[in-house]
Every structure is written in structure tokens, then in C-alpha cells.
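Engineer: Kindly return the folded structure for what I paste below:
(one chain, ligands or ions: 1)
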Amino acid sequence: MKICVIGAGSSYTPELVEGVLAAPLPIEEVWLADLPEGRERVEVIARLARRMAKRAGKAVRFVPTEDRLRAIEGAAFVLNQFRVGLLRMRSLDERLPLRHGVVGQETTGPGGFANAMRTIPVVRQIAEEVALHAQDAWLLNFTNPAGLVTQALVDLGHRRAVGLCNIPRITERMVVAGAGVPPDAVRISAFGLNHLTGTHVFVDGQDATAMVLASGAAEAELRKSAPDARLPEGFFPSLGFFPNPYLNYFFFPQATYRHALEDALSPEGTRAQRVQAIEAALFAHYRQEDLDEKPPELSQRGGAFYSEVAVNTMVALSSDTPCELVLNIENHGAIPELPDEAVVERNALVDRMGVRPVSCEEPMPRVLGAIVQAVKEYEFLTVQAALEGSRRKAREALLAHPLVPGAEAAEGLLADLAAVNAEFWPVLR
Ligand code: G6P
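Structural biologist: Take a look at the predicted model:
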């Protein structure tokens, strides 16, 4: 089995390598593709991967390359984890919206919009290459904003594509810790969009959401993005679902904005600058010829367990026995409040035959539904703006976004974001 990783120069890759080496799959080759700018990093990672394989006693071949077509050719799985414009552009996604009084973030709000507009044209090209050179491959997309990018793939007619995120996995682990029960006893049911889900928790088949929320297990985590929010007493338990941490941008827009502004003005800078510092330290480790495992410092990145998600999905898609996973997939009625063609983050039954969304057990809570429906319309408009190069749709996308306060802000944001993204965005007419 051949696997192709696009954007393999990411500092995350050793985690994926660890997962691949432990996977119950007949993986023979992992092609590590990146652009010429990433050459040195990919080579460093390939050498580390070979040392990790030796330590694990596995005969997997790791092939660094700048030739994306060769990397894709004949692959069983193509994994997108690239970042268009690298952390330099993420930093602008995080900073520029602040000038308009809106939070800056790489997936949420106008920053996520700018990121999507950079990413969709590239992902379109990759999907065409996969359709031509690896017809049977599944395209697994981690590239952010992962749900929106998967919507673009589905709208373009690529049916063997799923979007992946580590947060459902983290949620499951948090729930297991919070409920104090064995992992096997827990089933989570997620509903919504990527980075905008609610989750219900079942322990031994019984709804245990209220109990887990009341335990406060996840509250510290949920407070991270809005540390100074003056939360009403019992806010999280009263929701009745376990909120994705990114919902804080919608529940506490002022506190998350203040927090983002403080970061931007601090010497350490926004998350992009912090990640740059973490990456410099990580690559110094990766270059050490005696290192043959994933260093613990990698846990400073936010993508914990992403390799588990990737490997579980590849294993499920190769298996005859269906397995339930939370994925970004076409809705097909699983969440009745959203259109069939919407890409949603939802439980799905996955096996060799493909991916089938599981119908929700109960209606989506209205407070979540209101946000999710508005953001889904924003996502549809963003995909159209990127694919058609439509300025009108781009403006409408921002105007439809619940975090953008009106037409003037939408217009101003679009002008500023288009100016700094000229190198990457399609020409808007
Ligand atoms: C979480 C999100 C990912 C995101 C990551 C950021 O894992 O689910 O979508 O990419 O955090 O981590 P970073 O270390 O890049 O800030």
C-alpha cells in the first residue's frame, strides 16, 4: 500500500509517521511531497522517519519528493496537510481582522475565509490530479479550514474525499477522563460543522451528557480561548451538549477578540508566531541523528491525535467491518436541519464500501442550529466565491458570517484581505 502526504514538511509529520508505523495496514511506501521551499524540512523528516521505522522494525519506505504527481500516482490514500502561504499568511489571518474589530483566527471568521480562498484553488488541482492518477484513492483532508475545504471537494464532484479533524478524538478522550469510565463504554455523537459541533455523550448506551458536563472535566479546556469571559454560572452545563471549543468565538466574541488582540500586541505574538518558535525547536530535534522517535515537545502543537484520526480512517476504509467515526462528509439527511449537500461533521459508518452518515438521534439544539446554519451559508458562498472568482459572492460570504458586523465591515475586510492575499487568491471579478 502506498500513501501520499502533501505538505509533508509540516512539523506534525513525525506524529503521522508514528501512527503509520503502528497501523494494522500493509503500508509499504509513504511519499512525502512538498514544494521546493520545503525541501530541507521534508528531507529532515524523511531521515527521522527512517530512523523511527528502524526502531519499530518496520520496512516502510519513506520517499521525499517535490514531484506531486509521482507521489500521488497509485496511492491508496492521499493526505492533505499543506498550508498555502505557510505561517506567514496564517499570521495575517490572525492579525488583519482585528483592525475591523473582529477576531483573527486561521479557521474561524474572516481569517478562515482568507485561508479558504487561498486553499480551495490548490485543493481543486490536487483533487483533479488524484482523479487522474489514483482513481481509487481516498483523499483525506486535514488542511484548514477542513470542513470548508471538504465542501469545495464535494461541490466539485469528488466523492472519495473526507475531511478530518482531531477535535472529536480529543473530545472523546476528555469525556472518557471526565466520566471516569473505560474508553470502550463511551460513544460520542457529534453534530454540526467542523470546529462548530455539539456533542452528546453515551456511556453504555445511556445519554450521559449532563453528567459529563456537570463534572466540569472539559471546562478548563473550553475556557482557554476566552479566559477572561465573564461566564454566567453554569453556562456550559446549561447548554445540554458538549461544545466544540471553537464555539467560544461565537458565544464570547468580545472576550475572544480581546484575547486575540492581547496576543497580537504581546512580544510572543499570535499563535502563528508562537508556532514558528515551536517549529524551530522541533526541527532542531528532528535534525539530531540519534533521535528515532516523536519528541514530546510536539505536544505543544494543537493537532494532538491527528495521526490516530488519519490511521483510524485509513483502517476503516480498508476494512469489511463497518466502524463508527466522526468525519466531515456530505450530510444526506443525517442532520435534518441542514441541506443534503452540506458537508457536516457527523458520525459515519465507514468501511471498504465507503462512508455513510449516521442519522442524528435527536434534533439539533436550536442555539447551535442558528449558528451552524448561518455559517453553512457562509461556507457555501465562500466555496462559490473561490471557484468562480466572484467578488460579489466573496462580499456576501463575509456579510453572511455571524462574526462580521455588517456590510461596511465585510467590504473593508474583503478589500484588506484581498490586498495581502493577491499572490494566492483567484482574481475576483
Ligand atoms: C486543532 C484544530 C486544528 C488546528 C490546530 C492548530 O487541532 O483542530 O484544525 O490546525 O488545532 O494547532 P497549532 O499548533 O497549529 O496552533
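Engineer: where does the nearest residue to G333 once chain neighbours are set aside land in three-state SS?
Structural biologist: Distances taken as Cβ to Cβ, 6 or more residues apart in numbering put D340 closest to G333, at 5.8 Å, once the chain neighbours are dropped. (Glycine included, C-beta is placed from N, CA and C.) Here D340 takes the coil state, with states given by DSSP: H, G, I helix; E, B strand; the rest coil.
Engineer: ok, now which ones touch D340?
Structural biologist: E330, N331, H332, G333 (Cβ atoms under 8 Å, 6 or more residues apart in numbering).
Engineer: Which members of these are positioned in strands?
Structural biologist: If you go by DSSP state E, the contacts of D340 have E330 in strands.
Engineer: From F113, how far out is D416?
Structural biologist: Separation of D416 from F113 (Cβ to Cβ, to the nearest Å): 12 Å.
Engineer: who has more neighbours, the two?
Structural biologist: F113 (30 against 17; other Cβ atoms under 10 Å).
Engineer: Show the model's pLDDT score for S225.
Structural biologist: Note for S225: predicted pLDDT of 68.
Engineer: cool, I126 as well?
Structural biologist: 98.
Engineer: Just read off the phi/psi values of it.
Structural biologist: Here is the backbone geometry of I126 (degrees, to the nearest 10): phi -60, psi -40.
Engineer: was I right about it contacting I6?
Structural biologist: Yes. Judged on Cβ atoms under 8 Å, I126 makes contact with I6 at a distance of 6.4 Å.
Engineer: show me what contacts the residue in the chain positioned nearest to the ligand?
Structural biologist: Using Cβ to the nearest ligand atom, G302 is the residue of the chain that sits closest to the ligand, at 2.4 Å. With contacts defined as Cβ under 8 Å, 6+ apart, G302 has no neighbours.
Engineer: any idea whether it is helix, strand or coil?
Structural biologist: coil.
Engineer: and what of the one 5 residues further on?
Structural biologist: Of the three states, S307 takes helix under three-state DSSP.
Engineer: Let me see the confidence value for it.
Structural biologist: 96.
Engineer: How many residues are close by it?
Structural biologist: Should you count by other Cβ under 10 Å, S307 turns out to have 23 residues around it.
Engineer: tell me which element the closest residue to it other than its chain neighbours is part of?
Structural biologist: Spatial nearest neighbour of S307, excluding adjacent residues (Cβ to Cβ, 6+ apart): G19 at 3.1 Å. Using DSSP states H and E, G19 maps to helix 13-22.
Engineer: Identify each buried residue in that helix, please.
Structural biologist: T13, P14, E15, L16, V17, E18, G19, V20, L21 (16 or more other Cβ atoms under 10 Å).
Engineer: Next, see if that helix gets close to the ligand.
Structural biologist: No. Judged by Cβ under 6 Å from any ligand atom, helix 13-22 makes no contact with the ligand; its nearest approach is 11.4 Å.
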